[in-house]
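mind looking at a prediction? Sequence and model below.
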Amino acid sequence: MKLGIVGLPNVGKSTLFNSLTKAGAESANYPFCTIDPNIGIVPVPDERLQVLGKLYDSEKIVPAAIEFVDIAGLVKGASKGEGLGNQFLSNIREVDAIVHVVRCFEDSNIIHVDGSIDPLRDIETINLELIFSDMEILDRRIGKVGKGAARDKDMAKEADLLKRLKAHLEEGKLAIGYETEDDDEEAILKGYNLLTYKPVIYAANVKEDDLMDDGVNNSEVAKVREFAKNEGSEVFVICAQIEQEIAELDEDEKKMFLEDLGLSESGLEKLIRASYKLLGLISYLTAGPQETRAWTITKGTKAPGAAGKIHTDFERGFIRAEVVNYENLVECGSYNAAKDKGLVRSEGKEYIVQDGDVILFRFNV
Ligand SMILES: Nc1ncnc2c1ncn2[C@@H]1O[C@H](COP(=O)(O)OP(=O)(O)OP(=O)(O)O)[C@@H](O)[C@H]1O
Ligand SMILES: [Mg+2]
């Protein structure tokens, strides 16, 4: 499961990526400095882990993690091979969701490929390239399915969907906003792996001054918020440059720095958590003297599947899961106290694991 950081050249993608991963990927003030996509593993901030770790006196705390990919800047005409065009588009095709960085900061020293600050124009430029690329896929499919449609009912059905979908994209709309008529159509649409079917978060990259009030006084940010609202996407205000500086600090320094800015947590942390959610991921927790750990599962995963994240034996020999909700456990102060109060449940194979479940698996191999 990974997210791609997408946007025009020189809008702050690598700076954001660096602060996410502290990987020190090259970031510099000239377009196209990122050529190979950089991949970074990023821990997901989760304050529950510290609390549980204390409760269990755990030696180690292991957070959940997601992958981010720093993708090179897209320009107008990318879908026709402009810039480093198609190569970048194929990098985007491999990710599960998109963080779309839009430049909302003025700085005459930092070149904007289109000459001025206009995030809505920039978003449209990127989205159109993604749409063009998707249309090529649809056209190819239309060619294939069209031939069989006269003989084959399924193909006829798909041809009909393709026609409607193409008209939707031609209006400049993203595939993710397309309302399919039934689950079959949804499944077919999913199978195309379209770029514009991937969920998106917008990261409005602002100057340091705009951080304190979350970009409220930045009119460009306001436009991005309005746009995203209509699209049903979320917006996070970040200052990539400051985030990169914060990422170099240790925990205490970081806290002080954020307090000075009047913030309780960095925009980056919010963005990471939202990205995790965007991928449809949740965490269940395990705790003990050795380690307290968050395990990543997709929403809707049943207990044996969740157990399999720890070890395949846990899944194969699954007997039951002893589950207590995180809040209940913390309120009671210990596992045994929670058990005495009847808050530890014994769940079977059909149990759908919830975010924040603290679990002990019983298995036999
Ligand atoms: N919020 C910000 N305020 C001021 N300067 C910024 C901000 N975010 C990024 N920058 C600066 O903008 C320049 C371009 O950043 P970066 O290299 O991250 O862009 P990019 O989107 O990765 O570009 P490319 O597509 O060429 O790889 C850098 O000099 C960076 O320091
Ligand atoms: Mg870059």
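Yep, that arrived. Ligands and ions are numbered 1, 2, ... in the order given.

buried residues, stretch 184-204. List them.
Residues 185, 188-189, 194-204 are the ones in stretch 184-204 that count as buried (16 or more other Cβ atoms under 10 Å). In short, each C-beta sits where N, CA and C put it, glycine included.

what comes into contact with stretch 305-318?
284, 286, 295-297, 303-304, 321, 349, 353, 359, 361, 363-365 (Cβ atoms under 8 Å, 6 or more residues apart in numbering).

same thing but at 10 Å, please
282, 284, 286, 293, 295-298, 301-304, 319-321, 348-349, 351-353, 357, 359, 361-365 (Cβ atoms under 10 Å, 6 or more residues apart in numbering).

just the ones of the buried residues of stretch 184-204 in helices?
Within the buried residues of stretch 184-204, residues falling in helices by DSSP state H are 185, 188, 189.

what about the last one, distance to ligand 2?
For residue 189, the distance to ligand 2 (Cβ to the ion, to the nearest Å) stands at 31 Å.

go ahead and confirm that residue touches residue 177.
No - using Cβ atoms under 10 Å, residue 189 is not in contact with residue 177, being 11.6 Å away.

which neighbours do those two have in common?
Counting by Cβ under 10 Å, 6+ apart, the common neighbours of residue 189 and residue 177 are residue 197.

nearest residue to the residue in the stretch 251-365 of the chain that ligand 1 sits nearest to in space, please, no chain neighbours.
With Cβ to the nearest ligand atom as the measure, residue 267 is the residue of the stretch 251-365 of the chain nearest to ligand 1, at 10.4 Å. Closest residue to residue 267 apart from its sequence neighbours, by Cβ to Cβ, 6 or more residues apart in numbering: residue 238 at 3.9 Å.

for the one you found, give me the pLDDT.
Residue 238 carries a pLDDT value of 94.

would you map the strands across this structure?
In the chain, the strands defined using DSSP state E lie at 2-6, 38-43, 60-62, 65-70, 97-103, 200-205, 234-238, 281-287, 291-298, 318-325, 345-347, 357-363.

coming back round to it: which one of the ones in helices among the buried residues of stretch 184-204 is nearest ligand 1?
Nearest to ligand 1, judged by Cβ to the nearest ligand atom, of those is residue 189 at 29.8 Å.

who touches the closest one in this structure?
Residue 189 makes contacts with 158, 161, 162, 165, 175, 176, 178, 180, 197, as judged by Cβ under 10 Å, 6+ apart.

buried subset of those residues as a PyMOL selection?
Per 16+ other Cβ under 10 Å, the buried members of the contacts of residue 189 correspond to this PyMOL selection:
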select buried, resi 158+161+162+165+175+176+178+197
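
residue 145 contacts residue 165, doesn't it?
No - counting by Cβ under 10 Å, residue 145 stays clear of residue 165, with 11.8 Å between them.

overlap of the contact sets of the two?
158, 188.

show me the domain layout of the chain.
Domain assignment for the chain by automatic domain parsing gives 2-45+65-117+197-278, 128-191, 300-363.

distance from the chain centre to stretch 234-246, please.
In terms of Cα atoms, centre = their mean, to the nearest Å, the centre of stretch 234-246 is found 15 Å from the chain centre.

nearest residue to residue 158 other than its sequence neighbours?
Among residues not flanking residue 158 along the chain, residue 145 sits closest, at 5.0 Å (Cβ to Cβ, 6+ apart).

quick one: the one you found from ligand 2, how far?
Distance from residue 145 to ligand 2, by Cβ to the ion: 38 Å.

now do residue 358
The gap separating residue 358 from ligand 2 is 40 Å, by Cβ to the ion.

same question for residue 304.
Distance, residue 304 to ligand 2, by Cβ to the ion: 42 Å.

residue 290 too?
Taken as Cβ to the ion, the span from residue 290 to ligand 2 is 40 Å.

excluding its backbone neighbours, what's nearest that residue?
Nearest non-adjacent residue to residue 290, counting by Cβ to Cβ, 6+ apart: residue 59, 5.7 Å away.

what sits against the one you found?
Residue 59 makes contacts with 53, 288, 289, 290, 291, 292, as judged by Cβ under 10 Å, 6+ apart.

check what pLDDT residue 33 gets.
The model reports residue 33 with a pLDDT of 65.

same question, residue 302
pLDDT for residue 302: 98.

number of nearby residues for it?
Neighbours of residue 302 under the rule other Cβ atoms under 10 Å: 17.

does it have beta-bridge partners, and which?
Beta bridges link residue 302 to residue 352 when assigned by DSSP bridges.

rewinding a little: now, of the contacts of residue 59, which are buried?
For those, buried by 16+ other Cβ under 10 Å: 53, 292.

contact partners for the closest residue to ligand 2 within the stretch 201-350 of the chain?
Of all residues in the stretch 201-350 of the chain, residue 240 sits closest to ligand 2, at 10.6 Å by Cβ to the ion. Residue 240 sits next to 11-20, 27, 101, 103, 105, 203, 205-206, 267-268 when contact means Cβ under 10 Å, 6+ apart.

cutoff 6 Å now
Applying Cβ atoms under 6 Å, 6 or more residues apart in numbering, one finds that residue 240 lies in contact with 12, 15, 16, 205.

residue 141 too?
For residue 141, the contact set (Cβ under 6 Å, 6+ apart) comprises residue 162.

would you mind measuring from it to residue 11?
Noted for residue 141: a distance of 32 Å to residue 11, by Cβ to Cβ, to the nearest Å.

count of neighbours near residue 107?
Applying other Cβ under 10 Å, I find that residue 107 has 12 neighbouring residues.

now the phi/psi pair for the closest residue to it other than its chain neighbours, please.
The shortest distance from residue 107 to any non-neighbouring residue, by Cβ to Cβ, 6+ apart, is to residue 207 (7.5 Å). Phi and psi for residue 207, reported as degrees, to the nearest 10, are phi -70, psi 160.
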